Structures are given as C-alpha cells and as structure tokens.
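**Q** the sequence and its predicted three-dimensional model are supplied below.
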Amino acid sequence: MAHYQLLHDWAVSPAEAIALQQQLRSQIRIEPLAEPPKTIAGCDISFNKFEETVYAGIVVLRLDTLETIEETGVISTAPFPYIPGLLSFREIPSLLQAWARLKTEPDVVMFDGHGTAHPRRIGIASHAGLFLNRPTFGCGKSVLVGKYNDPAPERGSWSPMTHYGDVIGAALRTKNKVNPVYVSPGHLIDLETAISLTLNCDGGYRIPEPTRRAHNLVNALRKGERPDLSV
DNA sequence: GCGACAG
DNA sequence: ATCTTGTCGC
C-alpha cells in the first residue's frame, strides 16, 4: 500500500550508476522535518555468502514507545554487485518491494548505510529518499568517506564528519565507551534531527532499534524462520 | 601512482 | 554482507 516513484531504471552499468548519482544529487534537500514524526522505519538486507539471493526487510516502530507496529520482508535477487559508493544500486530495488508491502506509511526512514556522507553526497539513504519522497537518513557502522575527531566517550556526544570542506554527517556515540555510529541526513531532514532521532531509538545497544530490528528480521527471513513474511 | 573503500 | 568461540575488559 505504501507507494514510491520509480525515478529511473535499476538495470544500469557502474558508469551509468555514477552518472545517475550526479544527476540526482541536485534534487536532494537537507532541511528540518516538515512534520513531527510519530513512526520510524528501519531497513536492512541480508545475504548468504557467495549467493545472489537478497533478503530485504523493513520494520516500523512508534517513536514514543519503540513498539514494533509492522514488518515486511521480500526475497529477490541482487541486480548489481557491491561496489563502494554504489551500494544503493544493490540494495534499494529489493527494499522498494518491501516498502510496497507496508500498510502504513512511516514518517521517517532509517537506513543501514550513509546519506550525504558519500563521495557524491548521495548514499543509499539520500537516493531512497528521492524515490520514497519521505524523510530519510543513514546510520552506518563504518565510514565510507570523511574525517572526524573522536567524540567524547559518553552516550549522546558527537563530532562532525567533514569531506572536502563539507560537514557531511556525524560520528555519534550511542552507548558509553562504545564505538560511534555514523549518522548523516538522506533527504527532507537535517543532521541535527537525524542525530536526535537516532538517540531517541535507544534500545541499549550500539545500533539503534529500527535498523537493529530490521537486521534481525532479515536474518530470520534468510534462515527460513519467518514463513509468515514474504508470502 | 598508491591506498581506501557503506553493506 | 557472511563465516564463528572463546575471551578480554568494565
């Protein structure tokens, strides 16, 4: 029921993918949220080693209680290889299928990866945001590009990530004395809000609840433990 | 030219 | 991303 706009075909070569990113980047808008969000979705993908099958899933939760209110999952085939900087061409196609199965439209979407913290400022969160026409941001576990000073060890502290003079995201401590996660806006949201939402989704783990639950979901799907999904 | 390189 | 048990530190 949730819809999206297919802004371009996904069957492209790496060179065409880069050209598309250059063309799409001008449409990305980094700005404050238009409406106070009530729900947030977490997206993730899982694979079996050396296999092409993709297990994609989305978990939607309430921002006030962090209660899961909906889950969707789909099984498909990877249409593109993993190439640093072109992750969206490998993961978004299947995530759109999972998105289409949602009955509720999430107010904001969190991705396992980056938004503007990308060499061309259009990581998976930004790219998907254009298709979904909805606020999106990335929360990655490692850096693709950018430098930063280590944030203080307390949960909630953060420091800006910069790349060629631009502030592209933040290294955010989500748990005391634990490695930071890397937050960056995707589309229709700003960095401060993305950081705030990430801290709001605390479940006591380094990884925020939306993507953590999505990760658990797709792994269960891959292991055949969720026959109720992707049917 | 040599490394680095989201998931 | 995935393959995997124990183990070091607070």
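**A** Thanks, I have it.

**Q** what is the burial count for residue A:146?
**A** Applying other C-beta atoms under 10 Å, we find 23 residues neighbouring residue A:146. C-betas here are computed from N, CA, C, even on glycine.

**Q** residue contacts, the nearest residue to it once chain neighbours are set aside?
**A** Counting by C-beta to C-beta, 6 or more residues apart in numbering, the nearest residue to residue A:146 once its immediate chain neighbours are dropped is residue A:161, at 3.8 Å. Going by C-beta atoms under 8 Å, 6 or more residues apart in numbering, residue A:161 touches A:117, A:143, A:146-148, A:167-171, A:182, A:184.

**Q** just list whatever residues bridge to residue A:161.
**A** Under the criterion DSSP bridges, residue A:161 forms beta bridges with residue A:169.

**Q** give the contact list for the residue in chain A that DNA strand C sits nearest to.
**A** The minimum distance from chain A to DNA strand C, using C-beta to the nearest atom of the strand, falls at residue A:46 (3.6 Å). Contact partners of residue A:46, counting by C-beta under 8 Å, 6+ apart, are A:54-57, A:215, A:218-219, A:221-222.

**Q** which residue is the nearest non-sequential neighbour of it?
**A** Nearest residue to residue A:46 in three dimensions, chain neighbours excluded: residue A:218, at 3.8 Å (C-beta to C-beta, 6+ apart).

**Q** if I pick that neighbour, what's in contact with it?
**A** A:44-46, A:55-57, A:73.

**Q** secondary structure class for it?
**A** With DSSP: H, G, I helix; E, B strand; the rest coil as the basis, residue A:218 sits in helix.

**Q** any idea how far residue A:52 is from it?
**A** Counting by C-beta to C-beta, to the nearest Å, the gap from residue A:218 to residue A:52 is 15 Å.

**Q** report whether stretch A:117-130 contacts DNA strand B.
**A** Yes. Counting by C-beta under 7 Å from any atom of the strand, DNA strand B is contacted by stretch A:117-130 at A:118, A:123-125.

**Q** okay, and which of these map to helices?
**A** A:124-125 (DSSP state H).

**Q** closest one to residue A:101 out of the residues of stretch A:117-130 next to DNA strand B, please.
**A** Closest approach to residue A:101 among the residues of stretch A:117-130 next to DNA strand B (C-beta to C-beta): residue A:124, at 19.3 Å.

**Q** what's the neighbour count on the closest residue to residue A:101 other than its chain neighbours?
**A** Of all residues not flanking residue A:101 in the chain, residue A:72 sits nearest, at 4.1 Å (C-beta to C-beta, 6+ apart). Using other C-beta under 10 Å, the number of residues around residue A:72 comes to 22.

**Q** please consider this matter closed, and thank you.
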